[in-house]
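Novice: Model the following, please.
(one chain, ligands or ions: 2)
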Amino acid sequence: MKFIAIANQKGGVGKTTTAVNLAAALAEAGHRALLLDLDPQANATSGLGVAPATGASIYPVMIGERAVAQQIRSTAQERLSIIPSEIDLAGCEIEIARLDHPLHKLREVLQPLHDNQSFDYLIMDCPPSLGILMTNSLAAADGLLIPVQSEFYALEGISKILDLTKRMQEQGLNPGLQLIGVLLTMFDARTRLSQQVLTELQSHLPDKIFNTIIPRSIRLGEAPSFGQSILQYDPHGVGAHSYRQLAMEFVARLR
Ligand SMILES: Nc1ncnc2c1ncn2[C@@H]1O[C@H](COP(=O)(O)OP(=O)(O)O)[C@@H](O)[C@H]1O
Ligand SMILES: [Mg+2]
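Specialist: Ligands and ions are numbered 1, 2, ... in the order given. Modelled structure (predicted):
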């Protein structure tokens, strides 16, 4: 089983859209996927039609009140399960900060998932900050996927998370953490800016930019309000196609 963090400290870059639709595409392709919503905003949770409920998140697990298996719920899609989020998850950061080994808490409580191998991939949707929940996610992850919006400051945005990743590797917090790739989202092939961002990223991080690029698509923006992944909402559209392609490239890169 592989643990994957979908992270970027910037909001609105397509983290949740990618976490939901990558997990859904992996499930559709026959893999057993578990989506872990680590953002108190609970967008991934509601985006899959699950209502955020008090006590249903990873929070009680992090503070030792429940086992991770108790929080796993099935979704409308076969092979796709979720550990939902809840607003209270915001308070979790403060509580974890007081515990011993606060940065390894998530890794510790997720260990049973590694042990019983009921899933092939754990996809973690991170909140938009370099806080304790995101650091915990990076400390628990085998791999990191960074979505970036195709806009002018894309590279500056990811340098922070790349620095954090490097520090975590060097300081022994997670020496095995691997950057799987940087994913361009909301790409508009008609604009020069989108092309420039792509070229710039490719020159700074050769081999680390996914060949798959997620285009800007109205359907991708609409799907969450129907509580559906793009594979359910618009299975034959360009959004579903690109996330299926991402899933294939993702699996190949992890091999
Ligand atoms: N490829 C896309 N095309 C159009 N809209 C998108 C696309 N990806 C994301 N969005 C929309 O942009 C907004 C921010 O995306 P989201 O995935 O929630 O970002 P994050 O989780 O990084 O904050 C959401 O309203 C989402 O529906
Ligand atoms: Mg989000």
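
Novice: Tell me the spacing between the residue of the stretch 151-255 of the chain found nearest ligand 1 and Arg244.
Specialist: Here the residue of the stretch 151-255 of the chain nearest ligand 1 is Gly221; by Cβ to the nearest ligand atom that distance is 3.6 Å. Bear in mind the C-beta positions are built from the backbone N, C-alpha and C, glycine included. According to Cβ to Cβ, to the nearest Å, Gly221 and Arg244 sit 18 Å apart.

Novice: Ok, Gly11 next?
Specialist: 26 Å.

Novice: Tell me how many other residues surround Ala27.
Specialist: 25 (other Cβ atoms under 10 Å).

Novice: what's the answer for Arg190, then?
Specialist: Around Arg190 there are 8 residues (other Cβ under 10 Å).

Novice: Likewise for Lys208?
Specialist: Other residues lying near Lys208 total 16 when counted by other Cβ under 10 Å.

Novice: quick one: it from Asn174, how far?
Specialist: Relative to Asn174, and taking Cβ to Cβ, Lys208 is found at 18 Å.

Novice: Likewise for Ser137?
Specialist: Taken as Cβ to Cβ, the span from Ser137 to Asn174 is 10 Å.

Novice: The protein against ligand 2: which residues are in contact?
Specialist: The chain comes close to ligand 2 at residues 15-16, 43, as judged by Cβ under 5 Å from the ion.

Novice: Now for the residue lying closest to Asp37 once chain neighbours are set aside: which residues touch it?
Specialist: Once flanking residues are discounted, Asp37 sits nearest to Ser85: 3.7 Å by Cβ to Cβ, 6 or more residues apart in numbering. Counting by Cβ atoms under 8 Å, 6 or more residues apart in numbering, Ser85 touches 37-42, 44-45, 52, 57-58.

Novice: now do Thr45
Specialist: So Thr45 contacts 37, 51-52, 82, 84-85 (Cβ under 8 Å, 6+ apart).

Novice: With just CA atoms, put the helix or strand harbouring Ala252 into CSV.
Specialist: Using DSSP states H and E, Ala252 sits within helix 238-254. The C-alpha trace of helix 238-254 is given here as CSV (Å, rounded to 0.1, in the frame of the first residue of the first chain):
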residue,chain,number,x,y,z
VAL,A,238,-12.2,16.1,-21.0
GLY,A,239,-11.9,16.3,-17.2
ALA,A,240,-12.6,12.6,-16.7
HIS,A,241,-10.3,11.8,-19.5
SER,A,242,-7.4,13.8,-18.0
TYR,A,243,-7.8,12.3,-14.5
ARG,A,244,-7.9,8.8,-15.9
GLN,A,245,-4.7,9.6,-17.8
LEU,A,246,-3.2,11.0,-14.6
ALA,A,247,-4.1,7.8,-12.7
MET,A,248,-2.2,5.8,-15.3
GLU,A,249,0.9,8.0,-15.2
PHE,A,250,0.8,8.1,-11.4
VAL,A,251,0.7,4.3,-11.1
ALA,A,252,3.6,4.0,-13.6
ARG,A,253,5.7,6.6,-11.8
LEU,A,254,5.3,4.8,-8.5
